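In: kindly return the folded structure for what I paste below:
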Amino acid sequence: MNFSDFYKWDFKYTFQINTEFDVYKEDRDDLTVITIDNFFKDPQEVVECLRQFPINDRDKFYEELAEKDKFLLKPPGYQQIFPASYFEGVSYILYKTLYEYDFVPHDYEANQEFQKLGDQINQFRYGTDILTPKMKNVMNNYMPHFDHTKFSFELFLSEEEISGGTSFYKLKHKGEEYSSIDSLADVTEDEDRIEIRDLLNGMNEVTDSSPEYYTSFEENDIFRKYYTVPFEFNKLVIYKGTYWHSIDYDSAKEENLRYSLTSSYTPTNDEEDFD
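Out: Here you go, the predicted model:
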């Protein structure tokens, strides 16, 4: 083994962010979505770097777990998991964007003290979503869901034309609509709570009417789509993970792979009001 055989990669310069990017804030009812166009300075180099990491194929893992827990929902497609330390500069920009656009309170103390700022940045987690043509529907994982994290981020990294994007939904029950898991706190009747619980628990049960391939979800008796952020190369999407959403991709019709860098973040001082 020779030292010259080792492969070097400078993550600091690979994940450079444009010094001037375009930020948009869109409000749909109580949903707020921030999008940033042209996020990375050289997105092609980012993709080339990320491709060096192994794919985490969790199909067998989830199949085994599903035998014990039929309500378990498998993430669609394949994933890569990355050390968060590679993305410290990205995490700082994401955190800064959250408080500049009023997603989190302005914590001036944390912003000025290196240790407290580091505590926040260390909460970010990174991976990818890889969806492929003719990808199968697994336990109805095309249905809307919510993330177990306060904020979610998705950066679109396929240069090819991809239809769909990231879509948001409202849960329907007895003439009312609920845009997030948090909004279900407004349901006070025990009977209604039980009905909604049973509806959600039954979503991933595959039936004869379930599609063969992963598909773009539109609407059924439980959910209604009301907003979609279209897939555009090098666009970043930021939203609260507690809102019902799904990856909008029709594997039966698409000819190109859908590749996204994802991140999640929950503030360390989550007892604050972040609405």
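In: helix or strand with the lowest mean pLDDT in this protein?
Out: Least confident helix or strand of the chain, by mean pLDDT, DSSP states H and E, is helix 108-112 with a mean of 53.
In: tell me the helix or strand right after it.
Out: Per DSSP states H and E, the first helix or strand lying C-terminal to helix 108-112 is helix 114-121.
In: run the chain-centre distance for that next one.
Out: In terms of CA atoms, centre = their mean, to the nearest Å, the centre of helix 114-121 is found 23 Å from the chain centre.
In: and it, what's buried?
Out: The neighbour-count check on helix 114-121 (16 or more other CB atoms under 10 Å) flags 117, 120, 121 as buried. Heads up, the C-betas are built off the backbone N, CA and C, glycines and all.
In: what helix or strand is residue 168 on?
Out: Residue 168 belongs to strand 165-173 when assigned by DSSP H and E.
In: what pLDDT, on average, does that strand get?
Out: Taken as a whole, strand 165-173 carries a mean pLDDT of 96.
In: ok, now stretch 35-54?
Out: 94.
In: quick one: low-confidence parts of the stretch 101-250 of the chain?
Out: For the stretch 101-250 of the chain, applying pLDDT under 70 flags the ranges 104-115.
In: repeat that for 50
Out: Judged against pLDDT under 50, the stretch 101-250 of the chain has no low-scoring part.
In: in the stretch 101-250 of the chain, which spans are strands?
Out: Ranges of strands within the stretch 101-250 of the chain are 125-131, 151-156, 165-173, 176-178, 223-230, 236-240, 245-248, based on DSSP state E, counting those that start in this stretch.
In: helix, strand or coil for residue 92?
Out: helix (DSSP: H, G, I helix; E, B strand; the rest coil).
In: how about the contacts made by it?
Out: 117, 121 (CB atoms under 8 Å, 6 or more residues apart in numbering).
In: any idea how far it is from residue 247?
Out: To residue 247, residue 92 is 27 Å away according to CB to CB, to the nearest Å.
In: which parts of stretch 144-160 are buried?
Out: Neighbour counts over stretch 144-160 (16+ other CB under 10 Å) mark 144-147, 149-158 as buried.
In: of all the residues you listed, which two lie farthest apart?
Out: Between any two of the buried residues of stretch 144-160, the greatest separation by CB to CB is 26.9 Å, found for 150 and 158.
In: how about the strands of the stretch 101-250 of the chain in JSON lines, adding distance to residue 84?
Out: Formatted as JSON lines, those follow (distance: least, CB to CB, whole Å):
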{"stretch": "strand 125-131", "distance to residue 84": "6"}
{"stretch": "strand 151-156", "distance to residue 84": "13"}
{"stretch": "strand 165-173", "distance to residue 84": "22"}
{"stretch": "strand 176-178", "distance to residue 84": "32"}
{"stretch": "strand 223-230", "distance to residue 84": "24"}
{"stretch": "strand 236-240", "distance to residue 84": "17"}
{"stretch": "strand 245-248", "distance to residue 84": "22"}
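In: between these, which gets nearest to residue 201?
Out: Nearest to residue 201 among these is strand 165-173 (13.2 Å), distances taken as CB to CB.
In: what's the first-to-last distance across stretch 229-246?
Out: 11 Å (CA to CA, to the nearest Å).
In: this completes my enquiry, with thanks.
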